[in-house]
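**Q** test case, fold it:
(chains A and B)
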Protein chains: 2
Amino acid sequence: MQLSIERHPEAATRTATVMNAIRRRIAARTLTSGEKLPSIRGLANAMSVSPSTVVEAYDRLAAEGLIRSRPGSGFFVAGSLPLVLADVEPRTDRAVDPLWVSRQSLDGGADMLRPGCGWLPADWMPTAAIRRALRAAAKAEDAMLTDYGATRGSRALRGVLARQFAAEGIDAGADQILLTASGTQAIDLVCRFLLQPGDTVLLDDPCYFNFQALLRVHRVKVVGVPMTPTGPDMASFAEALETHRPRLYIRNSAIHNPTGASLSPQAAHRILTLAAAQDVTIVEDDIFADLEPEPSPRLAVLDGLATVVRIGSFSKTLSASVRCGYIAARADWIDGLIDLQVATNFGGPSPIATEIVSGALSDGSYRKYLAALRSRLAKRRREVAATLETLGIRPWLEPRGGFYLWCRLPDGQDAADVARRALRENVVLAPGNVFSVAQTARDWMRFNVAQMDDPRLPALLKRVLDG
Amino acid sequence: MQLSIERHPEAATRTATVMNAIRRRIAARTLTSGEKLPSIRGLANAMSVSPSTVVEAYDRLAAEGLIRSRPGSGFFVAGSLPLVLADVEPRTDRAVDPLWVSRQSLDGGADMLRPGCGWLPADWMPTAAIRRALRAAAKAEDAMLTDYGATRGSRALRGVLARQFAAEGIDAGADQILLTASGTQAIDLVCRFLLQPGDTVLLDDPCYFNFQALLRVHRVKVVGVPMTPTGPDMASFAEALETHRPRLYIRNSAIHNPTGASLSPQAAHRILTLAAAQDVTIVEDDIFADLEPEPSPRLAVLDGLATVVRIGSFSKTLSASVRCGYIAARADWIDGLIDLQVATNFGGPSPIATEIVSGALSDGSYRKYLAALRSRLAKRRREVAATLETLGIRPWLEPRGGFYLWCRLPDGQDAADVARRALRENVVLAPGNVFSVAQTARDWMRFNVAQMDDPRLPALLKRVLDG
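**A** Numbers count the residues shown, from 1 in each chain, chains lettered A, B, ... in the order given. Alright, predicted model coming up:
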């Protein structure tokens, strides 16, 4: 079927609308590989367009290879549809996509300014300790330099973690800890272990944007619970548990991403009590732990790793380049998690990388560096809050640690629009809705105070705010 | 419901049989979370046991927490069932489990002998080049030591690969290459991109055992195609394509694992022609490429990466400790693969690890090391084949390279039994059926000639063969 009639601009728009509707259904897998598309007449009625518009849209989608015509039996979704996480909209419109901030932050050039990114600049990191650890690794025994390593990962590093946990009051052996290739991969493994397609997972709203991207890969339903300054809103949390019967609740404790909030003791106890009653496993991502001056309540500590899985990594305070995370969980889950890690990654993190992490962590300078880092961040949070104040941008709360400020933009401005304008000026921002499950953070923005040293930034922000 | 009657030993066995049947169905997910179990009377009839045996089995499974009783409505599968890859049989019976060889090889002590493992001993590897690369990395710029790195991974290393590909005749830019945390993770990402639960995937029979473990995680159906010394049996391959309409065909080219076979030019051309006609994507795992003296036909080369995805890593000839693999694929697939890698691992391999790989690959000694390694392996293959011959163990074919010999045991011996006996003597072997999709390699064994230097091995092998 081929239409060669010249078409009106309006007709072209209608055709594009039909094409996008089909693309979206295929991307969301409500139309799956091999499935028959709606009849031309049926879809024309449903979308209030003419049948010839649907014919044109189907022909074009067939030309793109997305669907196929079988003569005499209609159109079918083509066989080879990759799992595409990004929205099907044009790329200029990707500012509210949870992966947009990651991609821009990771791949932007060296001259890019990154108030929206999620890590410290290189010159804030303990590079001297890393260099010493690399030189020490160059003298390690042959097997450490060439072998896959044990499935649980370096015993030395797991021992360091077990001792840290013991100091917090968690009685977990090194055998309850599994090293992974990153904190994200740790959560991915737990999801693979516990989730089936179609399950429901609870997230804070707002929350770390990559939780949402990861859960799309697992084909599960996501339900958001609104955040308060002391934890999730308890009435909503209880109702979500009752209504949606989630399998998992994934969250940042300590300094919550993006809000900077910490759990109150009452909220921590209440979360555990409600979750236990409904058999919900909690994944507590504690990646910002070392940035807290004094530890706030931790679910993993109160619960003793019975129903809580603790996740962490060394990316935020030591090095994101070494790539190493961990899972601490119930002893009887570790074997299953190891099998999954072997099947999907043939083992854990690079043994060389874990050797470097162990070396740098036990370097005499590391504790002093952490103390200095916390003071430096506290000072920068105050300074950046004062600068943002002059632009009418106000933090939701004063975080007890870390590098994030979660801020409301003045005059109900659309943060995604502001972020798009900023990108044209070579500045990566993190607009609120990339963090929001329910897309209710339209005029919010997350700022990383450690990435805001550049003196041009205040004027740049003023310019993009004014449009 | 609680039975306190003392039971006969036979009754206890029958109860265990019923319990195992239910456990197996839950592990295989033919009974899923929340689903009602068969009625007591129905299952009793089906399994030819008394209803009281089923009641006892259900009560015990409920006590284990695997199922739950809802008063008045029967028994249901409990809500929180992790994905367990290992069989539910007792651990002493795990010798034919695809993960068994991996776990034993990775976690066995330093004194363990490993003719069954899949890599070279540390003293065969280019450790001097790795040490030089580590010392050079200690002088790298700060950002390389601390940042996540670009999403595609090191441009330098991708450039090295692109030039190698060009020398083979593949015209692929560095932008068609995505670095990953391992070769296995590369395949996992491609599976996540292209597969949906319930799809079918073709494998050679026998094939690398971890392909099967990985595909269980993806909840897909696996179909095996018998291997011949020049590639898959073509009639079976064509029939499997027609009957099962697979989405993927995953295989080792070059030196096939475990058989050591290489593709004939005719087989390579025929595979591509048949696969193209049915819209099947081929994943060609080329992890043993550098061990071939002269390159055998490659699907990725003939096809120019149009429908073939090439996978590789540096684990077999450089270092498994650095953990780095890659995907080379159609240009328009890379963005989707990157999004998936960001969502599930927040980026690719450790930048420090890729710096070490680049450094060692460009070390002046590396080419000479490879040439010497190939000669050393050729010699060891001849020597080990002669030793095995004295034990009545015969290789299927003489491989053109690599460290594997795929051998038939004498007198139809069960390789799994032999492997279990060997493990008691601290020797890891790789019994045939861990590689076989259809479990038709009962009396076959894969030997790694580089791991057979220990002078005790011939006598040890003789002992475990004799039982």
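**Q** which strand of chain A spans the most residues?
**A** strand A:221-228 (DSSP state E).
**Q** following element in sequence after that one, please.
**A** strand A:231-232 (DSSP states H and E).
**Q** in its sheet, which strands sit next to that following strand, and in what direction?
**A** Sheet pairing of strand A:231-232 (DSSP bridges) gives strand A:221-228 (antiparallel).
**Q** could you list the buried residues of the partner strand?
**A** A:222-228 (16 or more other C-beta atoms under 10 Å in any protein chain shown). C-betas here are computed from N, CA, C, even on glycine.
**Q** name the nearest of those relative to A:Met144.
**A** Nearest to A:Met144 among the buried residues of strand A:221-228 is A:Val222, at 40.7 Å by C-beta to C-beta.
**Q** tell me if I'm right that that closest one and A:Val437 touch.
**A** Yes - contact criterion C-beta atoms under 8 Å: A:Val222 and A:Val437 qualify, at 5.9 Å.
**Q** quick check: neighbours shared by these two?
**A** A:203, A:212 (C-beta atoms under 8 Å, 6 or more residues apart in numbering or on different chains).
**Q** could you check how far the spatially most central residue of chain A is from A:Met227?
**A** The C-alpha lying nearest the average C-alpha coordinate of chain A belongs to A:Asn210 (C-alpha atoms, centre = their mean; 1.6 Å). For A:Asn210, the distance to A:Met227 equals 17 Å [C-beta to C-beta, to the nearest Å].
**Q** picking up where we left off before, from the buried residues of strand A:221-228, which is closest to chain B?
**A** Closest approach between the buried residues of strand A:221-228 and chain B, by C-beta to the nearest C-beta: A:Val222, at 13.1 Å.
**Q** that closest one pairs with what?
**A** A:Val201.
**Q** buried stuff in stretch A:416-432?
**A** In stretch A:416-432, counting by 16+ other C-beta under 10 Å, buried: A:416-423, A:427-432.
**Q** which one of the residues you listed is nearest A:Arg247?
**A** A:Gly432 (27.3 Å).
**Q** so who does that closest one touch?
**A** Contacts for A:Gly432 were tallied using C-beta under 8 Å, 6+ apart; they are A:206, A:415, A:441-446.
**Q** farthest pair within the residues you listed?
**A** So, these by C-beta to C-beta: farthest apart are A:Arg442 and A:Arg446, at 13.6 Å.
**Q** the more surrounded of those two?
**A** For A:Arg442 versus A:Arg446, neighbours defined as other C-beta atoms under 10 Å in any protein chain shown are more numerous around A:Arg446 (29 against 17).
**Q** quick check on that one: phi, psi?
**A** Main-chain torsions, A:Arg446, degrees, to the nearest 10: phi -100, psi 130.
**Q** for A:Ala419, see how far away it is.
**A** Taken as C-beta to C-beta, the span from A:Arg446 to A:Ala419 is 11 Å.
**Q** mutual contacts of these two, please.
**A** Common contact partners of A:Arg446 and A:Ala419 (C-beta under 8 Å, 6+ apart): A:116, A:430.
**Q** domains in chain A, by residue range?
**A** Under the assignment automatic domain parsing, the domains of chain A span A:9-77, A:91-124+A:367-466, A:127-361.
**Q** for those, could you give me TSV that also reports mean pLDDT?
**A** Listed next are the domains of chain A as TSV, based on pLDDT from 0 to 100:
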stretch	mean pLDDT
domain A:9-77	82
domain A:91-124+A:367-466	92
domain A:127-361	95
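**Q** just name the most buried of those domains.
**A** Highest mean neighbour count of the domains of chain A: domain A:127-361, a mean of 21 (counted as mean count of other C-beta atoms under 10 Å in any protein chain shown).
**Q** mind listing which of the contacts of A:Gly432 are in strands?
**A** A:444-446.
**Q** how about the residues you listed in JSON lines, adding distance to B:Leu305?
**A** Putting those into JSON lines (distance: C-beta to C-beta, whole Å) gives the following:
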{"residue": "A:Trp444", "distance to B:Leu305": "43"}
{"residue": "A:Met445", "distance to B:Leu305": "41"}
{"residue": "A:Arg446", "distance to B:Leu305": "39"}
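**Q** closest one to chain B out of the residues you listed, please.
**A** Looking across these and measuring by C-beta to the nearest C-beta, the closest to chain B is A:Arg446, at 16.5 Å.
**Q** what's the offset of the helix or strand hosting A:Val54 from the middle of its chain?
**A** Following DSSP H and E, one finds A:Val54 within helix A:51-63. Between the centre of helix A:51-63 and the centre of its host chain there is 37 Å, according to C-alpha atoms, centre = their mean, to the nearest Å.
**Q** following that helix, which helix or strand comes up?
**A** In N-to-C order, the element after helix A:51-63 by DSSP H and E is strand A:67-70.
**Q** for chain B, tell me whether that next one is touching it.
**A** No - Strand A:67-70 lies out of reach of chain B by C-beta under 8 Å from any C-beta of the partner chain, never closer than 9.7 Å.
**Q** that strand - contacts with which helices or strands?
**A** In this structure, strand A:67-70 makes packing contacts with helix A:51-63, strand A:74-77, judged by 3 or more C-beta pairs under 8 Å, 6 or more residues apart in numbering or on different chains; DSSP states H and E.
**Q** angles on the backbone of A:Ile282, please.
**A** Residue torsions, per degrees, to the nearest 10, at A:Ile282 are phi -110, psi 130.
**Q** hmm, it is touching A:Thr307, no?
**A** Yes - with contact defined as C-beta under 8 Å, A:Ile282 counts as touching A:Thr307 (6.3 Å).
**Q** between the two, what contacts are shared?
**A** In terms of C-beta under 8 Å, 6+ apart, A:Ile282 and A:Thr307 are both contacted by the residues A:272, A:275.
**Q** close to chain B, is the longest helix seen in chain A?
**A** Counting by DSSP state H, the longest helix found in chain A is helix A:366-390. No - interface with chain B: helix A:366-390 contributes nothing (C-beta under 8 Å from any C-beta), its closest point being 12.4 Å away.
**Q** where do the strands of the stretch 301-450 of chain A begin and end?
**A** Applying DSSP state E, counting those that start in this stretch to the stretch 301-450 of chain A gives strands spanning A:308-313, A:325-328, A:394-395, A:404-408, A:430-431, A:444-448.
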